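**Student:** Provided below are the primary sequence and the corresponding predicted coordinates.
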Amino acid sequence: MKKLAFVCIVLLISCGIALNSWFYSPISLDDNSYLLIEKGDSTAAVARKLNENKVINKPWLFKLSARIAGLDKKLKTGEYLFSGNVSMKQVLDKLANGEVIYRKITLPEGLTSAQMVTIINEEPLLSGEITEVIKEGELLPETYSFVRGEPKNNIVLRAKKAMREFAENQWNARDEIVPVKNINQLIILASIIEKETALENERGLVASVFVNRLIKGMKLQTDPTVIYALTNGEKELGRPLFRKDLKTDSPYNTYKYYGLPPTPICNPGKASIAAAANPEYSNYLYFVADGNGGHNFATSLKEHNSNVAEWKKSKK
């Protein structure tokens, strides 16, 4: 009897040692292995996926260990990456701690909402459809993180919130000289600045030109608003503006109508919103491309016409 008990104890110890070894010994993975745990996946389903991807080789031990540790109900959904040498314990800890992979999607500055919606819809790792109503200028251009399978609406909501919070901060810190009545008008002004220049050191000066013209009651006369009038922000114009385009009867045509257009013409980035809220001080009323990616600024029409002549000469 004692001999049998001794044998049983030895067997138990041996089994324990073996289980412990299997649980802590790493498996060498040849390639990166991606695993998606979906909502509703049981521990058995997770073990099966891990085994199929050769991350573990004893799914029964994974299930047993998860249950003993009280983690079988705590495995987090999401996408996981396993690489190199990884033990079953490391796998279990990673899943229980929710160490998921975060993907990224970038919404560039100056795109219309329709163009940003296209980018979101074309991201294959996002799910569902966009059902949120999106107005022009509501989405903050930024790089957003997401987990695989996350709803597309989440990106939209995050971009809306980011725009709202940043615009409110800039509105509260704005220079009182800026002739805008509300946050929406601030975004409208910023959207025009965004489309007029991509140079960081020019945004403040471009903003000052539009602010000066608004204060003096002059028409803004900015080409991007005419382009928006022609495309409604749904596509690229695909050609230069013609003189006849400047006569387009649209509230967005700032060659025809005074003041700001009724809505933003794109989604401006942080730098353009900041420039709209706090432009540089200047007496400039005009600017034209300098042929080198920037602009020449002028305080008088005579000086502006001279700059235009230089620009035309540079094009030849």
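**Tutor:** Arrived safely, thanks for sending. Numbers count the residues shown, from 1 in each chain.

**Student:** Flag the shaky bits of this protein, pLDDT-wise.
**Tutor:** 1-23, 316 (pLDDT under 70).

**Student:** do that again at 90, thanks
**Tutor:** 1-41, 43, 50-78, 81-99, 149, 198, 232-241, 288-294, 296, 305-316 (pLDDT under 90).

**Student:** all helices for it, in order.
**Tutor:** Secondary structure of the chain, counting by DSSP state H: helices at 2-24, 43-52, 59-68, 88-97, 113-121, 152-172, 183-196, 203-216, 223-231, 270-277, 301-315.

**Student:** Export these as TSV, with columns for mean neighbour count and distance to T77.
**Tutor:** C-beta: built from backbone N, CA, C; applies to glycine. Below are those laid out as TSV (neighbours: other Cβ atoms under 10 Å; distance: least, Cβ to Cβ, whole Å):
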stretch	mean neighbour count	distance to T77
helix 2-24	10	24
helix 43-52	18	10
helix 59-68	17	15
helix 88-97	18	10
helix 113-121	17	21
helix 152-172	17	14
helix 183-196	24	36
helix 203-216	21	42
helix 223-231	21	41
helix 270-277	24	33
helix 301-315	13	57
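
**Student:** so what's G269 up against?
**Tutor:** 109-110, 140-141, 194 (Cβ atoms under 8 Å, 6 or more residues apart in numbering).

**Student:** swap in G98?
**Tutor:** G98 neighbours (Cβ under 8 Å, 6+ apart): 76, 78.

**Student:** So it versus L92, what's the distance?
**Tutor:** As for G98, its distance to L92 is 12 Å (criterion: Cβ to Cβ, to the nearest Å).

**Student:** follow-up on the earlier one: of the contacts of G269, which is the most crowded?
**Tutor:** E194 (29 neighbours; other Cβ atoms under 10 Å).

**Student:** thought it was touching P268?
**Tutor:** Yes. The criterion here is Cβ atoms under 8 Å, and E194 meets it with P268 at 3.9 Å.

**Student:** wouldn't R174 be in contact with A277 here?
**Tutor:** Yes. Contact criterion Cβ under 8 Å: R174 and A277 qualify, at 4.1 Å.

**Student:** which residues touch the residue nearest to K235 when sequence neighbours are not counted?
**Tutor:** Distance criterion Cβ to Cβ, 6 or more residues apart in numbering; nearest residue to K235, sequence neighbours excluded, is A114 at 8.0 Å. Under the criterion of Cβ under 8 Å, 6+ apart, the neighbours of A114 are 233-235.

**Student:** Only whichever of those residues are buried, select them in ChimeraX.
**Tutor:** Typed into ChimeraX, the line below selects the buried ones among the contacts of A114, using 16 or more other Cβ atoms under 10 Å:
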select :233
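
**Student:** The contacts of A114 into CSV, with extra columns for distance to E52?
**Tutor:** Below are these laid out as CSV (distance: Cβ to Cβ, whole Å):
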residue, distance to E52
G233, 46
E234, 45
K235, 45
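
**Student:** Out of the contacts of A114, which is nearest to D31?
**Tutor:** K235 (41.5 Å; Cβ to Cβ).

**Student:** Give me the phi and psi for the closest one.
**Tutor:** phi -160, psi 170 (degrees, to the nearest 10).

**Student:** how close does it get to E310?
**Tutor:** For K235 relative to E310 (Cβ to Cβ), the value is 33 Å.

**Student:** Check A173 too.
**Tutor:** 37 Å.

**Student:** for M88, same thing?
**Tutor:** Taken as Cβ to Cβ, the span from M88 to E310 is 72 Å.

**Student:** likewise L260?
**Tutor:** From L260 to E310 the distance is 30 Å (Cβ to Cβ).

**Student:** Compute the distance between the closest residue to W171 other than its chain neighbours and N201, please.
**Tutor:** Of all residues not flanking W171 in the chain, I183 sits nearest, at 4.8 Å (Cβ to Cβ, 6+ apart). Using Cβ to Cβ, we find I183 at a distance of 26 Å from N201.

**Student:** Noted, bye for now.
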